[in-house]
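Asker: sequence? don't have it. structure:
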C-alpha cells in the first residue's frame, strides 16, 4: 500500500523535477567519466548576478578597509587617551553647566532677555576656548597647565551662570517691588 502511495506521488510530480536542462556537452562529459578520461572540463554557468555579487562584495571589502585604515580618533577620544580623568571631570562639569543653562533659559523673560542672550554668547566663546585647549593638549602642550586651564574654563562657565542667575533674581525682585508700589 505504501508503495502505491509513493508511485502516485511521483506520478503527480512528474515533470516538476526537470527545472533546468543539462548543458550541451553533458552526455560527452558523462561518457568521459565512465571511460576514465581525466581531462574533464567543468563548465560553470555564470550569469550577470554572479559577477555583480562578486563586484559588490569586493566593493564592500574595500570600503570597510578604507574606513578602518583612515579612521582618525575624534578630539575627545584623543584627549581621553592623554588624560582619562578629564572625561570624568568633563562629564561632571558638563552636567552642572547644562542644568544651569536650563535654569537660565527658564528665566528668559522680556526684562531679562538681553542678559540671557549676552550670557549665551559668553558661554559660546568659553566653549570655543575649551576646544582650543583640547587641541593644544593633543598637540603636546604642557599637559598639567592645559588640564588646569580646562578645569578653570569649566569653573568660569559655572560661575558666570551662577552670577547671571543671581542678577536675574535681583531684577525679578526689583520688578516685583515696582509692581507692588
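Answerer: Looks like it came in fine. Just so it is clear, the structure is predicted and the values come from calculations on it, not from any experiment.

Asker: where in this protein is pLDDT low?
Answerer: Judged by pLDDT under 70, the chain has its weakly predicted residues at 1-4, 15-19, 37-48, 68-83, 181.

Asker: If you count neighbours, what's buried in the helix or strand harbouring residue 147?
Answerer: Assessed by DSSP states H and E, residue 147 sits inside helix 143-180. Under the neighbour-count criterion of 16 or more other Cβ atoms under 10 Å, helix 143-180 has 146, 147, 149, 150, 153, 154, 157, 160, 161, 164, 165, 168 buried. Every residue, glycine included, has its C-beta placed from N, CA and C.

Asker: can you list these in TSV and add distance to residue 129?
Answerer: TSV is the format used below for the buried residues of helix 143-180 (distance: Cβ to Cβ, whole Å):
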residue	distance to residue 129
146	12
147	14
149	9
150	10
153	6
154	11
157	10
160	13
161	16
164	18
165	22
168	24
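
Asker: Out of the residues you listed, give me the two with the largest separation.
Answerer: Greatest spatial distance in those: 146 and 168, 33.1 Å, computed using Cβ to Cβ.

Asker: can you list the domains in this protein?
Answerer: 2-70, 75-180 (automatic domain parsing).

Asker: circling back: could you name the helices and strands sitting against the helix holding residue 147?
Answerer: helix 84-106, helix 113-138 (3 or more Cβ pairs under 8 Å, 6 or more residues apart in numbering; DSSP states H and E).
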